[in-house]
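Peer 1: how does the following fold in three dimensions:
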Amino acid sequence: MTLNHDLAHVTECNVTGCGYNHDGCHASAITIGGVGDQASCATFIPLNAKGGLDRVVTTVGACQRGDCVHNESLECAADSIRVGAAAASATAGCLTFEHR
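Peer 2: Residues are numbered from 1 along each chain as shown. Predicted coordinates:
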């Protein structure tokens, strides 16, 4: 079993349109999903209201991208990830995603 402190941390998120992002991601954990060349933050929520934890400790709770080099048993094995604007949309993307 993976302990929470062993999970990949979100070290950067520059998607200002997300309700969890206010000076960094404040969700307790995010899920990475998406299809094709786009790995997306499935936790992204386009709200003006800001939510989440008081302090930034965000981890990747689950990764649905079995085709990523960092994916081990649907967990992210990268030391950390970066989240940013997805290339083709107004959503959040995993900038650390790499195809196997």
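
Peer 1: which pLDDT value goes with residue 82?
Peer 2: Residue 82 carries a pLDDT value of 96.

Peer 1: er, residue 90 actually
Peer 2: pLDDT, residue 90: 64.

Peer 1: what's the answer for residue 1, then?
Peer 2: pLDDT, read off for residue 1, is 38.

Peer 1: which residues of this structure fall in helices?
Peer 2: Remark: no helices are assigned in the chain by DSSP state H.

Peer 1: residue ranges in it under the pLDDT threshold?
Peer 2: Along the chain, the model assigns pLDDT under 70 to residues 1-5, 87-90.

Peer 1: the strands in it, which residues?
Peer 2: Secondary structure of the chain (DSSP state E): strands located at 9-13, 29-33, 40-41, 59-63, 71-72, 75-76, 80-85, 92-94.

Peer 1: mind checking how far the last one is from the chain centre?
Peer 2: Using C-alpha atoms, centre = their mean, to the nearest Å, the mean C-alpha position of strand 92-94 is found 6 Å from that of the whole chain.

Peer 1: that's all I had, so thanks and see you.
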